[in-house]
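Engineer: I would like the atomic coordinates for the input below:
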Amino acid sequence: MTSQPASDDIFPGFDSALPDPANPFLIPPDDEIFLMRDHERRVRQREREKTKRMKVWQKTTASSRMGRVEKPIMSELARANSIRRRIEATRADSEPPRRERENVSDFLSKKRDMFLVQMSLDVKRKEIRKLEEKAKMKGKALEKSKQVLEEDIARFDKFLQANDALAHKAMKTADNLSKKKQERTVKLKQLKAQLLVIQSDITKLQEQMEDCLKYKTFLEKLTPAEWTAQQQEVKQLRKRQRRKATVCNTGIAEAFEAMIAKTTVVIDSGLHPEAPRRPGSRRHDLTEEDIIAMKEKEMEIRRRRHRAQHPDEEQIATYYDREVAESSDEDLPMYFKKPKQLLDLFSTLEEQNLFLIQNGQETQQQLEDMEMRLQDTHGTLGVKARQLERENWEIAGRIGTKQRDCDKLEGRVTSRSDSGGIKGLLKELADAMGTMFATCGYDTDRDAEPLVMLSAAEAKLEEWLEILT
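Structural biologist: Alright, predicted model coming up:
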């Protein structure tokens, strides 16, 4: 028995004519698309490299390349047509032919061929069904993916609409905020302008206040001291009257008297002999003196408690002096009520100033006269001082001479022992003292003693020395 020929040997090119197992109407996955692009890119790169290395006469044109692409297509179409003719021929052979006599071996080979063709057809049909089922599954998956994509598109459209609404709302809010900002900026500028105006007004008012305070101080200085003291006394009197009225209007005395009366009633009702007695009470044993003492003690306790809870007149007066009186800013009234008062005062002050100016001028004239006299006196005293200095030197020289004469006289005295010589020496000394006394400007008196003349000369000498120093 001969071997069965394969279906590919019987129908060459049959499998190549069948469609690809993958559905051509389905979109391939992204990885396959990228792989196809990479493959195409590598093919084009190889073609370009190959074209670069080719000679000019070896390169082809665009029309030749298109023909080269069309030839495989035509060959595939020719193979498909030949396969279709074979199939038609096979169907024609499968029809009941005319009854001819044939042997068993031919019949068996034909049956075998028919079985193989039928088996090949069944396999192809199964594959076609599988491919159709796979295509249906892919279609369903594609529909599902399309539905999911439509839902995603719808959600994305909703998201875009919501985002547009939010963006519109945000733009509207931004516009409102920008308008509010502009309004507030304008209002802020207006407030700043008002603030500048108010500050300028405050500055002007402060300057006016400073001028008024200067004028007030000037007028207060011009106010008579007697009138100021009188107004101070009036102010103190009003303060004392307000203090007295404040202390009296508090009603402390009336409250204290009411408390005393109430306390007296309570104590009397509690200590009255006819009041109801509690069991175990010893009130029936008390005498009148004990009851009076208890009343006074209770009254004293109530008074102390009332003073502790309520301020007395002294405390209110102290508070008034500390808080109210010190915080009162009552100013003294102005002395000058009319401009005529100020003009009269200015006239009086002008007269006083004129009088003072005259006195000052007279005093200045007297001072100048005294300065001139002082200068003259200084000049005279200077001349006298120089003259006295020269006289002092002369007297000092004379004293030295006289000292030498004294030394000589002492020598003579010691050499002489008789009294006649001593008297002669004393007479010479007296004559010398008289001459010196006359030189000093004193009147000579023959009866003057030499010691007196010497003392006067020493006093005169000391006076001249003091003048010189």
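Engineer: got the phi/psi numbers for Q58?
Structural biologist: Main-chain torsions, Q58, degrees, to the nearest 10: phi -90, psi -20.
Engineer: what about it, distance to G397?
Structural biologist: According to CB to CB, to the nearest Å, Q58 stands 158 Å off from G397. C-beta: built from backbone N, CA, C; applies to glycine.
Engineer: would you mark the buried spots in stretch 44-59?
Structural biologist: Within stretch 44-59, no residue is scored as buried using 16 or more other CB atoms under 10 Å.
Engineer: K235 contacts L332, correct?
Structural biologist: Yes - contact criterion CB atoms under 8 Å: K235 and L332 qualify, at 6.6 Å.
Engineer: name the helices or strands packed onto the top helix by length along the chain?
Structural biologist: Taking DSSP state H as the criterion, the chain has its longest helix at helix 104-222. Judged by 3 or more CB pairs under 8 Å, 6 or more residues apart in numbering; DSSP states H and E, the packing partners of helix 104-222 are helix 7-10, helix 339-415.
Engineer: out of the ones you listed, which is the most enclosed?
Structural biologist: Among the helices and strands packed on helix 104-222, helix 7-10 has the highest mean neighbour count (mean count of other CB atoms under 10 Å), at a mean of 13.
Engineer: average model confidence for that helix?
Structural biologist: Across helix 7-10, the average pLDDT comes to 39.
Engineer: point out where the stretch 351-469 of the chain drops to low pLDDT.
Structural biologist: When residues are selected by pLDDT under 70, those of the stretch 351-469 of the chain lie in 413-425, 441-448, 469.
Engineer: how many neighbours does L121 have?
Structural biologist: Residues within reach of L121, counting by other CB atoms under 10 Å, total 14.
Engineer: could you do Q231 as well?
Structural biologist: Q231 sits with 16 neighbouring residues when counted by other CB under 10 Å.
Engineer: related to what we said a few turns ago, looking at the helices and strands packed on helix 104-222, which is nearest to L166?
Structural biologist: Nearest to L166 among the helices and strands packed on helix 104-222 is helix 7-10; the distance by CB to CB comes to 66.3 Å.
Engineer: now E226: which helix or strand?
Structural biologist: Assigned by DSSP states H and E, E226 belongs to helix 225-249.
Engineer: mean confidence for that helix?
Structural biologist: Throughout helix 225-249, pLDDT has a mean value of 76.
Engineer: elements contacting that helix?
Structural biologist: With contacts taken as 3+ CB pairs under 8 Å, 6+ apart, helix 225-249 sits against helix 313-319.
Engineer: can I see the domain layout of this protein?
Structural biologist: Residue ranges for the domains of the chain, per the TED database: 105-222, 233-266+290-326, 348-416+429-467.
Engineer: if we go by neighbour counts, what in the helix or strand harbouring E298 is buried?
Structural biologist: Assigned by DSSP H and E, E298 falls within helix 288-309. By neighbour count with 16+ other CB under 10 Å, helix 288-309 contains the buried residues 291, 295, 298, 302, 306.
Engineer: take those residues and write them to a markdown table, including distance to P450 and pLDDT.
Structural biologist: Formatted as a markdown table, the buried residues of helix 288-309 follow (distance: CB to CB, whole Å; pLDDT from 0 to 100):
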| residue | distance to P450 | pLDDT |
| --- | --- | --- |
| I291 | 117 | 73 |
| K295 | 112 | 72 |
| E298 | 112 | 74 |
| R302 | 109 | 70 |
| H306 | 106 | 59 |
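Engineer: burial check on the nearest residue to L388 once chain neighbours are set aside, number of neighbours?
Structural biologist: Leaving aside its sequence neighbours, L388 sits nearest to W464 (CB to CB, 6 or more residues apart in numbering; 4.4 Å). Residues lying near W464 (other CB under 10 Å) number 19.
Engineer: next, the angle from the helix or strand encompassing W464 to helix 339-415.
Structural biologist: Taking DSSP H and E as the criterion, W464 maps to helix 450-468. Relative orientation of helix 450-468 versus helix 339-415 (axes from the mean of the first three to the mean of the last three CA atoms, to 10 degrees): 140 degrees.
Engineer: neighbouring contacts of helix 450-468?
Structural biologist: Helix 450-468 has contacts (CB atoms under 8 Å, 6 or more residues apart in numbering) with 381, 384-385, 388-389, 391-392, 395, 429-430, 433-434, 436-437, 440-442.
Engineer: swap in stretch 30-48?
Structural biologist: Stretch 30-48 has contacts (CB under 8 Å, 6+ apart) with P28.
Engineer: now it: buried residues?
Structural biologist: For stretch 30-48, the neighbour count (16+ other CB under 10 Å) marks no residue as buried.
Engineer: state the mean pLDDT of that stretch.
Structural biologist: The model assigns stretch 30-48 a mean pLDDT of 83.
Engineer: and if you look at stretch 78-88?
Structural biologist: The average pLDDT within stretch 78-88 is 73.
Engineer: buried stuff in that stretch?
Structural biologist: Neighbour-count burial for stretch 78-88, with 16+ other CB under 10 Å as criterion, is recorded at I83.
Engineer: picking that back up, by how many degrees do the longest helix of the chain and helix 225-249 diverge?
Structural biologist: 120 degrees.
Engineer: tally up the residues packed near T228, please.
Structural biologist: 13.
Engineer: give me every residue that touches the residue lying closest to it once chain neighbours are set aside.
Structural biologist: Leaving aside its sequence neighbours, T228 sits nearest to L332 (CB to CB, 6+ apart; 7.0 Å). Shown in contact with L332 (CB under 8 Å, 6+ apart): 228, 231-232, 235.
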